[in-house]
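[1] sequence and computational prediction follow.
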Amino acid sequence: MIMATESVLGKTVVITGVSRGLGRAMAREFVVQGHRVCGCSRDAGLLDELREELGAGHPLTQVDVTDDASVQAWANEVSQSVGAPDLLLNNAAVINPNAQLWTLDAAEFDQVIDINIKGVANVIRHFVPVMIDAGQGVVVNFSSGWGRSTSPEVAPYCATKWAVEGLTQALAQELPSGLAAVPLNPGVINTDMLKSCFGTSASGCPSPEEWVEVAVPFLLKLGPEHNGQALSVG
Ligand SMILES: NC(=O)c1ccc[n+]([C@@H]2O[C@H](COP(=O)([O-])OP(=O)(O)OC[C@H]3O[C@@H](n4cnc5c(N)ncnc54)[C@H](OP(=O)(O)O)[C@@H]3O)[C@@H](O)[C@H]2O)c1
């Protein structure tokens, strides 16, 4: 089990997509640094493994972010048990298999849109009101280099990350003072998602464990003064 460096829990950090990749590495590192993590993803087995590692006080829930009712139930459970998030990290996402746009079938395109855009909106819909009541908190919507540039064969993914940038900027204009929303380009990190689009060259990129050493302190410093800024880690 992970041992926190402080005995008192610091911030409450809600993270979508904690079963693998950046989400799992962030969950571990926030806990090591003495913060409370509330996480979700779809894979119950991987959540069980992480629950064992993180120990009590860090509720992990099986939620598909595309299911608005499940997200609502999860948000209610989190706000009743631990209160409003200080940090809400919309990290969960998928990428399409590398392919020219016109060769992807409708179901493949829809899945990327449903998770990467509608999923983010579902999480915002049910967590942000609690943060507004609390008068503080930062929403970080994971974007990408491909939310600010494009490449061939990842058009659906690019479309969703450009959408995340726009959605986040508009949200930033709506939030009351004390809160913030930022789109975040995390950089290029060796995860399952990167292997899908980069193939074997993904192994030359930093691991999620290396990335969190920079990313978690960076995330912990975000506050209302960052509202609406398009940020990048590193
Ligand atoms: N890795 C990079 O270099 C890179 C670069 C730019 C941006 N990003 C962004 O960083 C974030 C994390 O990426 P990653 O590389 O860590 O990806 P990853 O390794 O593929 O992990 C994605 C996570 O999202 C979860 N997820 C996917 N669909 C979900 C759903 N419908 N409901 C709940 N959880 C869901 C997955 O869990 P389950 O499958 O168990 O649900 C998994 O835990 C993403 O937003 C990605 O676009 C990554």
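    Happy to help now that I have it. Residues are numbered from 1 along each chain as shown.
[2] ok, now which ones touch the residue positioned nearest the centre of the chain?
    In the chain, the centroid-proximal residue (Cα atoms, centre = their mean) is residue 91; its distance is 1.6 Å. Going by Cβ atoms under 8 Å, 6 or more residues apart in numbering, residue 91 touches 15-18, 22-23, 26, 142. For every residue, glycine as well, the C-beta is placed using N, CA and C.
[3] what about 7 Å?
    15-17, 22-23, 142 (Cβ atoms under 7 Å, 6 or more residues apart in numbering).
[4] list the contacts of residue 89.
    With contact set as Cβ under 7 Å, 6+ apart, residue 89 has these partners: 13-16, 26, 140.
[5] give me the element it is part of.
    Element membership for residue 89 (DSSP states H and E) is strand 87-90.
[6] any part of that strand near the ligand?
    No. Contact of strand 87-90 with the ligand (Cβ under 6 Å from any ligand atom) is absent, the minimum separation being 7.5 Å.
[7] tell me which helix or strand comes right after that strand.
    helix 106-113.
[8] give me the residues contacting that next one.
    Defining contact as Cβ under 7 Å, 6+ apart, one finds that helix 106-113 is touched by 94, 96, 156-157, 160.
[9] point out the residues in this protein that sit beside the ligand.
    Neighbours of the ligand within the chain, by Cβ under 6 Å from any ligand atom: 16-23, 40-43, 46, 64-66, 91-94, 115, 119, 142, 144, 186, 188-189, 191-194.
[10] can you select the buried ones from these in PyMOL?
    Selecting only the buried entries of these in PyMOL, with 16 or more other Cβ atoms under 10 Å as the criterion:
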select buried, resi 16+17+18+19+20+21+22+23+40+41+42+46+65+66+91+92+93+94+115+119+142+144+186+188+189+191+193+194
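[11] restricted to strands, list the residues of the chain next to the ligand.
    Among those, the ones falling in strands (DSSP state E) are 16, 40-41, 142.
[12] so, low pLDDT: which residues of this protein?
    The model of the chain has pLDDT under 70 over residues 3-9.
[13] tell me the residue of it that sits nearest the ligand?
    Distance from the ligand to each residue of the chain (Cβ to the nearest ligand atom) is smallest for residue 21, at 2.3 Å.
[14] scan the contacts of helix 106-113 and report the most crowded one.
    Neighbour tally across the contacts of helix 106-113 (other Cβ atoms under 10 Å): the maximum, 28 neighbours, falls on residue 160.
[15] wait, it sits on residue 118?
    No. Counting by Cβ atoms under 7 Å, residue 160 stays clear of residue 118, with 9.6 Å between them.
[16] what's near enough to touch residue 215?
    Listed by Cβ under 7 Å, 6+ apart, the contact partners of residue 215 are 26, 186, 233.
[17] now do the buried residues in the longest helix anywhere in the chain.
    If you go by DSSP state H, the chain has its longest helix at helix 155-174. Of the residues in helix 155-174, 155-165, 167-169, 171-172 count as buried by neighbour count, 16+ other Cβ under 10 Å.
[18] ditto for stretch 227-234
    Residues 227, 233 are the ones in stretch 227-234 that count as buried (16+ other Cβ under 10 Å).
[19] give me the contact list for it.
    Contacts to stretch 227-234, defined as Cβ under 7 Å, 6+ apart, come from residues 165, 169, 172, 175, 180-187, 214-215, 218.
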